Each structure stands twice: as C-alpha cells, then as structure tokens.
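Engineer: Just the structure for this:
(one chain, ligands or ions: 1)
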Amino acid sequence: MVKIYKTVVTVNNEQEGGGIRKPMKAKINKSTLELVDGDITREDVDAIVNAANSTLLGGGGVDGAIHRAGGPAILEECKKIGGCPTGEAVITGGGNLKARFVIHTVGPVWRGGNAGEARLLASAYKNSLRAAKEKGIKSISFPSISTGAYGYPIADAAQIALAMSIEHLKGITSVEKVRFVLFGESAYRAYQKTLTSIAKDDPSISVVNP
Ligand code: ADP
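Structural biologist: Okay, the predicted model is just below:
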C-alpha cells in the first residue's frame with residue numbers, strides 16, 4: 001500500500017516578501033492606496049517602479065530582481081536611455097514582467113539628512129507618478145525607494161513616499177491605484193504605521209482595513 005503524506009508548508013511571518021497576506025487599503029477620492037508585503041516583480045499592474053541607480057545598468061536589491069525577472073529587453077532600453085540623475089525618472093517596457101512598463105527612478109543615498117535627501121526622495125516619487133500619468137497608467141506599484149542599500153531611514157522615507165502618492169491621487173491623474181510592495185514585515189509595519197497616522201489627520205483619506 002502506498003501512503004501519501006501531505007506536506008504542510010508553514011509560512012514564516014518574518015520571511016521577506018510575502019509574510020503578511022492581508023493588504024492595508026485606503027481610499028482617497030475614488031482612488032486606492034494599498035500596502036502589501038511582497039515581491040514587486042510579481043505585480044500585475046500597468047507599471048512597477050524600479051529603485052535604480054543613476055547608470056541604469058542594473059544593480060542589487062530590487063533593481064537586480066526586476067532585471068532578472070524582466071529579462072534583457074529592459075536593460076537594452078536602459079542602455080539606450082543612457083542614465084538618470086537622482087530624483088528623476090525614465091520609463092521602459094516591462095519585458096517578461098506582467099507589468100507593461102517599468103519606471104526607473106533614482107532615490108538619494110542617505111548622507112545624514114542635510115544633503116537634500118528629503119527633496120530628492122520626494123522628486124523621485126513625484127517624477128515617477130508624473131511619468132505614469134503621461135502614459136495614462138491606471139495602476140502602479142512602488143518599492144520602498146532608497147531604504148535598502150541607500151540607507152534612508154524607513155520611517156522618514158515612508159512619510160515622503162505616502163505623502164507624495166496621496167498628493168498625486170488628490171490631483172487630476174489617470175492613476176487610480178498606487179500600491180507599495182514592501183519587502184518583509186518590518187518595512188510593511190513602518191509604512192502601515194505612517195499611513196495610519198497620516199489618515200488620522202486627513203479626513204479625505206478613509207482606511208478600508210487597517
Ligand atoms: P536603494 O538602493 O534605493 O536603497 P534597494 O533595492 O537596495 O534600493 O532597496 C530598496 C527596497 O527594496 C528595500 O526596502 C528592499 O528590501 C526592497 N526590495 C528588495 N527586493 C525587492 C523585491 N523583489 N520587491 C520589493 N521590494 C524589494
């Protein structure tokens with residue numbers, strides 16, 4: 001007799017990219033802002049944003065993951081563009097990704113906070129959202145720009161990331177959904193805490209599920 005044993009796979013909540021299953025959702029006018037714990041390369045949205053470096057030639061972290069998952073066509077386009085200054089954004093196709101576009105933006109390296117980091121991080125988000133609007137994009141997913149190798153403190157970065165997204169969604173735009181795909185529970189919790197406190201002070205934001 002053959003016995004079939006069922007394998008039970010337990011998901012470790014501390015695991016990076018997917019530990020927390022339930023997203024946090026907030027409504028701003030008719031648009032949605034979502035926080036999820038996951039891997040951005042799997043997102044089924046119009047565009048994902050890459051935390052690139054200014055050479056656009058690929059790197060580690062989320063940049064490496066996007067190029068690995070998207071294939072060589074993205075890098076070819078990046079080479080043709082030739083680079084991107086800190087705080088700006090460029091757009092390429094999505095290669096083998098589900099997303100039709102990749103918006104490559106360059107966040108600042110954290111140098112202690114007095115080197116224009118906040119302004120540059122805000123620009124990276126603003127210019128990415130502007131590029132999305134120019135293409136008529138409806139759904140876009142961001143990673144937490146600058147908080148990996150570039151060392152930006154996550155609570156400060158979350159405040160800027162969420163404030164810039166909310167400001168964009170309050171204006172006239174094609175964008176209907178902004179998702180933050182946070183890699184690991186601690187990044188997710190930092191964004192969740194910040195969004196909760198922003199929503200508390202802003203009656204035009206309603207949290208659907210905290
Ligand atoms: P930066 O150089 O802008 O700091 P990194 O790629 O080093 O960029 O890190 C940015 C953030 O992206 C970090 O919080 C990191 O944990 C996260 N990250 C890494 N891989 C992924 C992925 N596959 N999906 C989503 N986020 C990711």
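Engineer: Quickly run through the sheet partners of the helix or strand of the chain with the lowest mean pLDDT, with directions.
Structural biologist: Least confident element among the helices and strands of the chain, by mean pLDDT, DSSP states H and E: strand 205-209 (a mean of 91). Strand pairing for strand 205-209, using DSSP bridges, gives strand 24-28 (antiparallel).
Engineer: I'd like to know which elements the next helix-or-strand element following the strand it pairs with is packed against.
Structural biologist: Under the assignment DSSP states H and E, the closest C-terminal helix or strand after strand 24-28 is strand 31-37. With contacts taken as 3 or more CB pairs under 8 Å, 6 or more residues apart in numbering; DSSP states H and E, strand 31-37 sits against strand 24-28, helix 154-170, strand 177-182, helix 185-201. Glycine gets a C-beta too; all of them are placed from N, C-alpha and C.
Engineer: got a list of what the residue sitting nearest the centre point of the chain touches?
Structural biologist: The centroid of the chain falls nearest to F142 when counting by CA atoms, centre = their mean (1.4 Å). Listed by CB atoms under 8 Å, 6 or more residues apart in numbering, the contact partners of F142 are 40, 48-49, 125, 128, 161, 165, 178-181.
Engineer: And whatever helix or strand A73 lives in, what does it pack against?
Structural biologist: Assessed by DSSP H and E, A73 sits inside helix 72-81. The criterion is 3+ CB pairs under 8 Å, 6+ apart, and the helices and strands that helix 72-81 contacts are helix 61-70, strand 89-93.
Engineer: Dump the ones you listed into a markdown table; add distance to E117 as well.
Structural biologist: Supplementary listing: the helices and strands packed on helix 72-81 in a markdown table, determined by distance: least, CB to CB, whole Å:
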| stretch | distance to E117 |
| --- | --- |
| helix 61-70 | 18 |
| strand 89-93 | 17 |
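Engineer: can you put these in CSV and add mean pLDDT and mean neighbour count?
Structural biologist: Written out in CSV, the entries for these read as follows (pLDDT from 0 to 100; neighbours: other CB atoms under 10 Å):
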stretch, mean pLDDT, mean neighbour count
helix 61-70, 98, 19
strand 89-93, 98, 20
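Engineer: want to throw those into JSON lines with distance to the ligand?
Structural biologist: Compiled in JSON lines, those are given as follows (distance: least, CB to the nearest ligand atom, whole Å):
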{"stretch": "helix 61-70", "distance to the ligand": "2"}
{"stretch": "strand 89-93", "distance to the ligand": "13"}
